[in-house]
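Undergrad: Here is my input; please provide its structure:
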Amino acid sequence: MPKLKINGMLIEVEKGTSVLQAAEMLGVEIPRFCYHDKLSVPANCRMCLVELKNAPKPVASCAIEAGEGMDITTNSEMIQKARKGVMEMMLINHPLDCPICDQGGECDLQDQSYGYGFDRSRYQETKRAVKDKDIGPLIKTVMTRCIQCTRCIRFGEEIAGTADLGLLNRGEDVEIGTFVEKAVSSELSGNMIDICPVGALTSKPYAFTARPWELKKTETIDVHDAVGSNIRVDTKGGEVMRILPRLHEGVNEEWISDKTRFAYDGLKKNRLDVPYVRSKTTGKLEKAKWSEALTSVAEAMRATSPDKIAAFSGDLADVDSVVALKDLMISLGSPHIECRTDGMRIDPSTRAGYIFNSGIAGIEEADSLLLIGTNPKMEAALVNARIRKTWLNKRLPISLIGEPVDLPYPYEHLGTTAQDIEKYTVKDSQKPMIIVGDQIFSRTDALALHAVCRDLAEKIGCIQDDWNGFNVLHRHAGRVGALDVGFVSAAPIKTEEMDVVYLLNSDEENIINNCNKNAFVIYQGHHGDLGAHRADVILPAATYTEKNALYVNTEGRVQMTRQAVFPVGEAKEDWKIIRALSEELGKTLPYNSLLALRARITEEWAHFAEIDVCPQEEWGQFGVTGVLLKSGFKNTIDHYYMTNVICRASKTMRACVDKFYPKKTKTKIKKAA
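TA: Numbering: from 1, shown residues only. So this is what the prediction gives:
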């Protein structure tokens, strides 16, 4: 490994490390604009110049590999003068609009011009103006501010896999834009806002709403998919103003999906803020007190035989509330509990059979990949980005069995039926990987398919002492946690035969439509969506930004949300509602605090005590040997931007649907509004 000196300090680094990276290891700050840890190195801003002994001129530290015996100086008089010259060139055409720029307070150009630039400008000519680009409903552009660092271009080409942006023209006329007028269509496009070092790309929904120093910052996790992205929620006056990514190399690196970033306006739209009870005289839902709503639910449950009561937990239900509801149903004597509300037939008997065993970061270790019945671009955009990253780095061979989809990397399509799974073979693969998606679990032969996938994993070598390449990719944040605590029914629940149906954050049409018209339906949730329309009693609950709650992501990693704002109106945390109902029923649950509830959870399921740990589960048997259908797999997502109640309440997500799915039917969206 090469040894070199930086500002007189000796350091030994791995071969291939740049001088800039070596300086960071020593805590030496080198300014930069175009360089980014996750992107390729263009070396076009020249802000990271350093002095290399015996070199005829300053060198760009981001593009120079650290070599044996190098003697680097980062703060010499020559380098200070060079940086001031570079900064002066950067500001030649940059507008003086810091007071109205949303990047103010978080702007790299602003900070570095203060730290490394001149205190005056010698430029007297007219500044160049560049026309703003309309690149969709999410990103606001002020292209006159652009310094052509090309970070957004490289992000689109390398991370997102959509080369929508590029450099146009040459010389002083160069500008960044789309080659033809269009919107940036990536599910990760919002990350361009984060990596832009100036105010050229900012958030369109967030524009002119707050300054960064006015915001309270809360570190939490996302629930719009099963990835469990680490995020920061910024709030002001009890309102969520924006959502940004937090660095977590094992889960989302430093990216988040557009749903995660922009659907926050749905948190305050169409909210349920008071209890409702359906009037026996008018047949309409009317506002009620909590005591009246809980009494109405308790009376209906007491008047019903336990075998006629069913409870369903939905896509956004947290583990705390699911356990509380399970305990309540057990105390009532009802066996009818179910978290697979979308009809997915997943065998929960072995944990390794329904989680992403390798971990999301483990994708980078795989040397072959088979996708079965999944569209990772729609179902988990950050998993898809990790697959693309691995393909870019080592040209990972990828195969797909299922409905053909548009993915940002090449793949071999091997067929669309279950029989094609049995034919699959792979040669010379040391760490093969299989990713199984929702499409196989939505069929009547799902359990047989589950067993076939298990057998295939064993046959091609996915299961080794130090490697488990069998992965299930879930779509819903509440699914794995509910499977972990056994919120499943031994036999399919005949919803149409139930007299009382309890919907915990469940808005699935198949459940609601199958309810007996005379059934008493309780809806506990935070949005007036499909479940609330059918309900006889509505119990208003808190969203993921309004409570401290446990979730489990698709890897089986236990994570926690943190309360960023208080629940709206009279809404309560889910577990507290269920605890109050149990007292009304005379079946009081044995915990009065979240701490006591967590103790109850960890006592039965010990892995919930290990927060943010990617588990290593023992391999076992799952699925059932049976006859496979000959029909092909079908994609389960119609609209990427409309996958849960928060998204359906969001005007921003609706604008994305109008922009990117103009010809698709809006029936479901209108019905939920």
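
Undergrad: contacting residues for the residue lying closest to Glu546 once chain neighbours are set aside?
TA: Nearest non-adjacent residue to Glu546, counting by Cβ to Cβ, 6 or more residues apart in numbering: Pro567, 4.5 Å away. To be clear about C-beta, it is placed using only N, CA and C from the backbone, and glycine gets the same treatment. Pro567 is in contact with Pro540, Ala541, Ala542, Thr543, Glu546, Lys547, Glu573, counting by Cβ atoms under 8 Å, 6 or more residues apart in numbering.

Undergrad: Next step: these restricted to strands.
TA: Pro540 (DSSP state E).

Undergrad: Serialize the contacts of Pro567 to a markdown table and add fields for pLDDT.
TA: Supplementary listing: these in a markdown table, determined by pLDDT from 0 to 100:
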| residue | pLDDT |
| --- | --- |
| Pro540 | 97 |
| Ala541 | 97 |
| Ala542 | 97 |
| Thr543 | 97 |
| Glu546 | 97 |
| Lys547 | 97 |
| Glu573 | 97 |
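
Undergrad: Of the contacts of Pro567, just say which sits nearest to Ser257.
TA: Among the contacts of Pro567, Thr543 lies closest to Ser257 (Cβ to Cβ), at 17.7 Å.

Undergrad: Look up the closest residue to the closest one, ignoring the ones flanking it.
TA: His526 (4.8 Å).

Undergrad: Leu589 versus the residue nearest to Glu546, what's the distance?
TA: Using Cβ to Cβ, to the nearest Å, Pro567 is found at 20 Å from Leu589.

Undergrad: one step back: so where does the residue nearest to Glu546 fall, helix or strand?
TA: In the assignment (DSSP states H and E), Pro567 maps to no helix and no strand.

Undergrad: Give me the phi and psi for it.
TA: Note on Pro567: its backbone torsions stand at phi -60, psi 150 [degrees, to the nearest 10].

Undergrad: separation between it and Leu449?
TA: For Pro567, the distance to Leu449 - Cβ to Cβ - is 41 Å.

Undergrad: Would you mind listing the residues in contact with the residue nearest to Thr543?
TA: Contacts of His526 (Cβ under 8 Å, 6+ apart): Arg271, Leu272, Asn505, Pro540, Ala541, Ala542, Thr543, Ala571, Val645.

Undergrad: so what pLDDT did it get?
TA: Model confidence at His526, given as pLDDT, is 96.

Undergrad: Then Asn510?
TA: pLDDT, Asn510: 87.

Undergrad: can you tell me which helix or strand it belongs to?
TA: Asn510 belongs to helix 509-514, assigned by DSSP H and E.

Undergrad: That helix: which residues count as buried?
TA: Ile511, Ile512, Asn514 (16 or more other Cβ atoms under 10 Å).

Undergrad: How about stretch 545-563?
TA: In stretch 545-563, counting by 16+ other Cβ under 10 Å, buried: 545-547, 549-561, 563.

Undergrad: Please state the offset of that stretch from the chain centre?
TA: Remark: stretch 545-563 is offset 12 Å from the chain centroid, using Cα atoms, centre = their mean, to the nearest Å.

Undergrad: Just the terminal-to-terminal distance for that stretch.
TA: 5 Å (Cα to Cα, to the nearest Å).

Undergrad: if we can go back for a sec, contact partners of the helix holding Asn510?
TA: Residues contacting helix 509-514 (Cβ under 8 Å, 6+ apart): Phe312, Thr341, Asp342, Gly343, Thr495, Glu496, Val501, Leu503, Val521, Leu530, Gly531, Arg534.

Undergrad: helices or strands up against the helix or strand following that helix?
TA: Next along the chain after helix 509-514, taking DSSP H and E as the criterion, comes strand 520-525. Here strand 520-525 touches helix 290-302, strand 500-504, helix 530-534, strand 537-540, helix 574-584, going by 3 or more Cβ pairs under 8 Å, 6 or more residues apart in numbering; DSSP states H and E.

Undergrad: Go through these and find the least confident stretch.
TA: helix 530-534 (a mean of 92).

Undergrad: Run the chain-centre distance for that one.
TA: That offset, for helix 530-534, works out to 26 Å (Cα atoms, centre = their mean).

Undergrad: Buried residues in that helix, which are they?
TA: Neighbour-count burial for helix 530-534 [16+ other Cβ under 10 Å]: Leu530, Gly531, Ala532, Arg534.

Undergrad: Packing partners of it?
TA: Using 3+ Cβ pairs under 8 Å, 6+ apart, helix 530-534 sits against helix 509-514, strand 520-525.
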